[in-house]
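Asks: sequence plus predicted model, see below.
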Amino acid sequence: MEHKNTALAVAPASPQMAAKLAQNRTGRLTRDQRRVTLAAIVVLGVMLLCPLAMIAQFAALALTGMLPPATLFSLILTVCGIGFMLLMSALVFANLRTFWGDTLSAVTVRYARGPLKVHMSEHERVELPFSYIVDDYSFAPFVVPPDIVMRPGAPYIVYYAARSRILLSIAALDAPDSADWQPTFDNLP
């Protein structure tokens, strides 16, 4: 699908999106975006406490000798339970590190620039029938701000969190205000 020059028909960024773009184009998160990453850190930290507390309780019971007698079933159940708790802890910790990096790193924002492509899912997926792609960044249709018209083939610039890859802001490059949203930082990997 070829994009035709429709710069006159493309609306400039809304005031809310313009505020996000103005901050993201400098490589920094807005106050609200930083708040979201901090909230994710708190929630993930609380989630990390659950499996760690269960492992600590088991270790305390084992160290005090208060475990019930070992049977084959109890050993299998214990090994599976500890393995599950360690796996959950590792998953939560990995996500925690991702959001921690987005919050505290010097490079918190990246961008992708190019024509918008629509990628249809290979299998019928009700939760994600397709995704949008700009350059090497893809995002789900349900995260697109409601005030942005998505036009396949049209050029866009997308700012996203460097580690968690959360969509932060987006603007059409053929809009009348597109020069205002060009990045002022190097897009480091």
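Replies: Cool, got the structure.

Asks: tell me the secondary structure for the residue of the chain positioned farthest from its centre?
Replies: Seen from the C-alpha centroid of the chain, the residue lying at the greatest distance (CA atoms, centre = their mean) is Pro69, 45.8 Å away. Classification of Pro69 using DSSP: H, G, I helix; E, B strand; the rest coil returns coil.

Asks: residues touching the closest residue to Ala172 other than its chain neighbours, list them.
Replies: Closest residue to Ala172 apart from its sequence neighbours, by CB to CB, 6 or more residues apart in numbering: Val10 at 5.1 Å. In short, each C-beta sits where N, CA and C put it, glycine included. Residues in contact with Val10 (CB atoms under 8 Å, 6 or more residues apart in numbering) are 149, 154, 172, 174-176.

Asks: state the pLDDT value of Val10.
Replies: Val10 is assigned 86 on the pLDDT scale.

Asks: please, which helix or strand holds it?
Replies: Under DSSP states H and E, no helix or strand contains Val10.

Asks: for the protein, what spans make up the strands?
Replies: 109-120, 130-134, 137-139, 155-161, 167-172 (DSSP state E).

Asks: quick one: the fourth one to chain centroid distance?
Replies: Strand 155-161 has its average C-alpha position 13 Å from the chain's average C-alpha position, going by CA atoms, centre = their mean, to the nearest Å.

Asks: helices or strands up against that strand?
Replies: helix 15-24, strand 109-120, strand 130-134, strand 137-139, strand 167-172 (3 or more CB pairs under 8 Å, 6 or more residues apart in numbering; DSSP states H and E).

Asks: 10 Å instead, please
Replies: When contacts are defined as 3 or more CB pairs under 10 Å, 6 or more residues apart in numbering; DSSP states H and E, strand 155-161 sits against helix 15-24, helix 31-64, helix 72-104, strand 109-120, strand 130-134, strand 137-139, strand 167-172.

Asks: which one of those lies nearest to Asn187?
Replies: strand 109-120 (5.7 Å; CB to CB).

Asks: list the buried ones in the closest one?
Replies: By neighbour count on 16 or more other CB atoms under 10 Å, the buried set for strand 109-120 is 109-113, 115-116.

Asks: and the two most separated of the residues you listed?
Replies: Val109 and Pro115 (21.2 Å).

Asks: still on that earlier bit, could the buried residues of strand 109-120 be laid out in CSV, adding pLDDT and distance to Phe73?
Replies: Output for these, formatted as CSV (pLDDT from 0 to 100; distance: CB to CB, whole Å):
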residue, pLDDT, distance to Phe73
Val109, 94, 52
Arg110, 95, 50
Tyr111, 97, 55
Ala112, 96, 52
Arg113, 95, 58
Pro115, 97, 59
Leu116, 96, 56
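
Asks: having no further points to raise, I will conclude here.
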